[in-house]
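K.L.:
A structural model of the following input is requested.
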Amino acid sequence: MRLAQIAPGDDQGLDALAQEAIEDARAAPDIAVKLWKEAGPYAPQAKLVLSRLEDVSLVPLSAKGDPAAAAEVVWAMRTEGLHLAELARKIVKYFEAHLADTRKMPARSDLGPVEEKPPAVRVCDEAYLQMRRLLNLEESTDQYLQNSRTFLSLPEAQKDDEIQKARKSRAWTRFSAR
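P.N.:
Numbers count the residues shown, from 1 in each chain. Next comes the predicted model:
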């Protein structure tokens, strides 16, 4: 496997491998989208393939522009909505399963020496932050980072209270009940 050939710290090699993997993963869905949008003899089969690709079809369907026929645009939106909702359910279920996991992540040694020791991050803390991120899509990256730092600097008991309060909130329960 090419990954074994990339030296630790070779960011360019890792980036190239990641880009290659993305291109490989999207090749078949891209072809299916192309065939579907051409509305030729293979369009019905391509449409069936895209409907079964689940989340793998999301980027190709939305990145290539709309087909001419209104019915096909509606089909694409419905398909994307269905696949996105399914993916969101899987992610929410994964995050929810980790909200009670109090294991602490080891401190990152790859950052070198630091003046101030960063707060210990528990698995449940990260699950909370990522669920919160899903509920606040309008939040900028800077706002997310600031809110994360504020949350992580709280004592564990207070973080636990915040997690429990959030889990009982209307927005959270409505989102996680999917």
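K.L.:
ok, then the element right after whichever strand or helix holds Glu162?
P.N.:
Applying DSSP states H and E as the criterion places Glu162 in helix 156-168. Where DSSP H and E defines the elements, the next helix or strand beyond helix 156-168 is helix 170-176.
K.L.:
for the helix or strand harbouring Gln130, name the packing helices and strands.
P.N.:
Using DSSP H and E, the element containing Gln130 is helix 123-135. The elements that helix 123-135 packs onto, with contact taken as 3 or more CB pairs under 8 Å, 6 or more residues apart in numbering; DSSP states H and E, are helix 70-97, helix 141-152, helix 156-168, helix 170-176. The way it works is simple: take the backbone N, C-alpha and C, and place the C-beta from them, glycine included.
K.L.:
any idea which of those scores lowest on pLDDT?
P.N.:
If you rank these by mean pLDDT, helix 170-176 sits at the bottom with a mean of 80.
K.L.:
gap between the closest residue to Lys159 other than its chain neighbours and Glu156?
P.N.:
Closest residue to Lys159 apart from its sequence neighbours, by CB to CB, 6 or more residues apart in numbering: Asp125 at 5.9 Å. Look at Asp125 and Glu156: by CB to CB, to the nearest Å, they are 9 Å apart.
K.L.:
more neighbours: which of these two?
P.N.:
Legend: neighbour count by other CB atoms under 10 Å for Asp125 and Glu156, higher for Asp125 (26 against 14).
K.L.:
wouldn't the more buried one be in contact with Arg149 here?
P.N.:
No. Counting by CB atoms under 8 Å, Asp125 stays clear of Arg149, with 11.8 Å between them.
K.L.:
break the protein down into its domains, please.
P.N.:
Domain assignment of the chain by automatic domain parsing yields the ranges 2-90, 98-107+116-176.
K.L.:
would you mind measuring the gap between the ends of the first one?
P.N.:
If I follow you right, that is domain 2-90. 30 Å (CA to CA, to the nearest Å).
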